[in-house]
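Engineer: Build the 3D model from these lines:
(chains A, B and C)
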Amino acid sequence: MKNEQAIVEALLYVSGEDGVTLEQLTEVLNMPEEHVLGVIENLKKALQNEARGLMITEVAGRYQLVTKKEMATYIERLIKAPRPATLSQAALETLAVIAYKQPVSRAEIEEVRGVKSEKALSTLMSKGLIKEVGRAEGTGRAILYGVTEAFLTHFGLKSLNELPEFSDRLDESSMEETDLFYEKFQQTVLEL
Amino acid sequence: MKNEQAIVEALLYVSGEDGVTLEQLTEVLNMPEEHVLGVIENLKKALQNEARGLMITEVAGRYQLVTKKEMATYIERLIKAPRPATLSQAALETLAVIAYKQPVSRAEIEEVRGVKSEKALSTLMSKGLIKEVGRAEGTGRAILYGVTEAFLTHFGLKSLNELPEFSDRLDESSMEETDLFYEKFQQTVLEL
Amino acid sequence: MEYKVKIDAFEGPLDLLLHLIKKMEIDIYDIQVAEITEQYLNFIHEMKELQLDIASEYLVMAATLIEMKSRMLLPKPEPLMPDGDEVEWEEDIDPREALIQRLIEYKQYKQVAEWLKEKEERQQLFYTKPPSDLSGYEKPREIQLTGVSLYDMLAAFRHLLQKKQWDKPLHTKIQRQEIPIGERMNDILKQLKGKREPIPFDDLFLYPNRTHIVVTFLALLELMKKRAVTCVQHRNFEQILVYSADERFGEV
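Structural biologist: Got it, this is the predicted structure:
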């Protein structure tokens, strides 16, 4: 039992802000759901100790470790320590999606990332790492983004071809979709 | 005192893989360094409990929360990924040469290893383990390489001082290690 | 000596030499040039017979060894120190010296590489998390690009892909997130309802999302099959117009 609490703590830690679902925990621990819920309860209780700085929240069906409210002042102090702000994880992810998929619209970026990306886009624009490279066809004519010369210079790339290959994992999901399309397409057309 | 432990836990949590330095903690807690070290020691002790899944490591001059070794299998189950591939022998040798001889040019590395090292260098660059640290004087102005902080993090080293002393390496004990290595090596050598 | 090894089991000629020295149980500081050269050439020869590609480095080393052997066999020019087997040259340099130094140096790096390998394996058991987004705690600051490397971006991307991977169901139930075609058919009919004017084909594809596009297209085909809509294109490449069947018939 003690050990299970340690495992849940470790899983919550590595998933950080993304959190984990009850199903994921149940699956990893290979225990009935009620049992997992019990472990979570115990962990919550253990975290109530004043020597602990963290607590568990449940947001959108995901358990997540967060710092206790009282810690806010110290976190503010930590980030006040002179340390230049660099690109956030969100901005870096967005930049990566643009670099690999350009020209790409905001909607497509958000589709890949699963979250709003407006702020990240405006940061990247203001830093000159991305630019508008055109407009999508059709209604709406969404802005399409691409990376800039400054992007290549900053990361020491001669051209975009020098980006490491990542395609295998991205293509996998789109291949599935394409297969699905042809399957359905054939059915429908044959019936016409 | 208890509360300080909570603060350190919270700060370590939010910093994740970036970790925090002793100076940062001292500043945030506004306490003498010895006192902060005491808090860290206490937190380390508290983490030894088997109900805890985390531990503190000291890497590249920063304290960092990581999951305990025993948790690795569960985390791999969660992220559905086996441990990442380890570096090739060629990459490791190249890294070793760079760590000891930096700043060092490709020609110098190849001289030591007796083989072309271009591929190993580009692997190490793409993994962020080495970087260009300057250019050699004279004609050609060869790129000079050095290791990065990510190098320390990747191998869990506090600093470059932790690298084994070079002069000692050929003493008896290390010769024995080498014997052991060759034994293992021979076992794995393939019959043609 | 009977042993067969693959040449790509070695990191290069120095690695191979260290292996041979070990096999021959000789002191690295007192290499018998004639013998090691023979062993080395045998090895290369064997590789050739097996028609394996031998990197040029191995051949360069073979040449070096042969040259060294011949130099050792040459009659000594005035030995400075007639002392045992030691061959002292005018320049006071043992021809083996440079090679021995290289071998010792390489061996040391090889040991460090082994040490690093152990460290790497150990370190891989410790998992951590990306730093939390602390933007909520601070006033907006001027963002600096110094220190942001390509590696950081790739790491972020890897993390993104990983997140997507985590969120896949643990059991591989093949369950695709789909928009039901029936639902999309109703949507299209609703969009057409009460409209005198036809809808341009493009207007039905609201989101640049692959699934949405595919499902919309299939829904449209279904509707045509059921004769609930009619599609008209006046000229090649011109916009396709989608009519609600009622309206179209009403018109006619």
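Engineer: contacts, neighbours, all on C-alpha from now
Structural biologist: Fine.
Engineer: which stretches of chain A aren't confidently modelled?
Structural biologist: Across chain A, the stretches falling below the confidence threshold (pLDDT under 70) are A:1-2, A:81-86, A:165-192.
Engineer: Any residues of it in contact with chain B? List them.
Structural biologist: Residues of chain A lying close to chain B by CA under 8 Å from any CA of the partner chain are A:2-11, A:13-14, A:24-25, A:28-29, A:50-54, A:67-68, A:71, A:74-75, A:77-78, A:81, A:164.
Engineer: Okay, and which of the residues you listed map to helices?
Structural biologist: A:2-11, A:13-14, A:24-25, A:28-29, A:74-75, A:77-78 (DSSP state H).
Engineer: So among the residues of chain A next to chain B, which ones count as buried?
Structural biologist: In terms of neighbour count (16 or more other CA atoms under 10 Å in any protein chain shown), the buried residues within the residues of chain A next to chain B are A:3-11, A:13-14, A:24-25, A:28-29, A:51-54, A:67-68, A:71, A:74-75, A:77-78.
Engineer: Pick out the residue nearest the middle of chain A.
Structural biologist: Computing the C-alpha centroid of chain A and ranking residues by CA atoms, centre = their mean puts residue A:113 first, at 5.6 Å.
Engineer: contacting residues for it?
Structural biologist: Under the criterion of CA atoms under 8 Å, 6 or more residues apart in numbering or on different chains, the contact list for residue A:113 reads A:93-94, C:160.
Engineer: if you set the cut-off to 10 Å instead, what comes out?
Structural biologist: A:90, A:93-94, A:97, A:107, C:157, C:160-161, C:163-164 (CA atoms under 10 Å, 6 or more residues apart in numbering or on different chains).
Engineer: now, which of those residues sits nearest chain B?
Structural biologist: Using CA to the nearest CA, residue C:163 is the member of these that lies nearest chain B, at 8.1 Å.
Engineer: Pass me the low-pLDDT residue ranges in chain C, would you?
Structural biologist: Where chain C drops to pLDDT under 70, the residues are C:1-8, C:51-53, C:75-93, C:138-148, C:164-179, C:206-210, C:236-237, C:246-252.
Engineer: how about the strands in it?
Structural biologist: C:199-200, C:229-232, C:241-244 (DSSP state E).
Engineer: Show me what the second one is packed against.
Structural biologist: For strand C:229-232, the elements it packs on are helix C:181-192, strand C:199-200, helix C:210-225, strand C:241-244, helix C:245-251, judged by 3 or more CA pairs under 10 Å, 6 or more residues apart in numbering or on different chains; DSSP states H and E.
Engineer: deepest of those, which one?
Structural biologist: Using mean count of other CA atoms under 10 Å in any protein chain shown, the stretch among the helices and strands packed on strand C:229-232 with the greatest mean number of neighbours is strand C:241-244 (a mean of 23).
Engineer: is chain A contacted by it?
Structural biologist: No - contact between strand C:241-244 and chain A, assessed by CA under 10 Å from any CA of the partner chain, is absent, since the two come no nearer than 13.8 Å.
Engineer: Give me the neighbour count for residue C:197.
Structural biologist: Residue C:197 has 13 neighbours, counted by other CA atoms under 10 Å in any protein chain shown.
Engineer: Would you check how far apart it and residue C:191 are?
Structural biologist: As defined by CA to CA, to the nearest Å, residue C:197 lies at a distance of 11 Å from residue C:191.
Engineer: Next: residue A:94.
Structural biologist: Residue A:94 sits 34 Å away from residue C:191 when distances are taken as CA to CA.
Engineer: cool, and residue A:87?
Structural biologist: Between residue A:87 and residue C:191 the distance is 43 Å, computed by CA to CA.
Engineer: Residue A:38 too?
Structural biologist: 50 Å.
Engineer: any idea how far stretch A:14-34 is from the chain center?
Structural biologist: For stretch A:14-34, the distance from its own C-alpha centre to the chain's C-alpha centre is 18 Å (CA atoms, centre = their mean, to the nearest Å).
Engineer: for stretch A:55-70, same thing?
Structural biologist: Stretch A:55-70 has its average C-alpha position 17 Å from the chain's average C-alpha position, going by CA atoms, centre = their mean.
Engineer: tell me the contacts of residue A:103?
Structural biologist: By CA under 10 Å, 6+ apart, the contact list for residue A:103 reads A:131-136, A:143-147.
Engineer: Kindly tell me how buried the closest residue in space to residue A:90 that isn't next to it in sequence is, as a neighbour count.
Structural biologist: When the adjacent residues along the chain are set aside, residue A:90 lies closest to residue A:120, with 6.2 Å between them (CA to CA, 6 or more residues apart in numbering or on different chains). Taking other CA under 10 Å as the neighbour definition, residue A:120 ends up with a count of 19.
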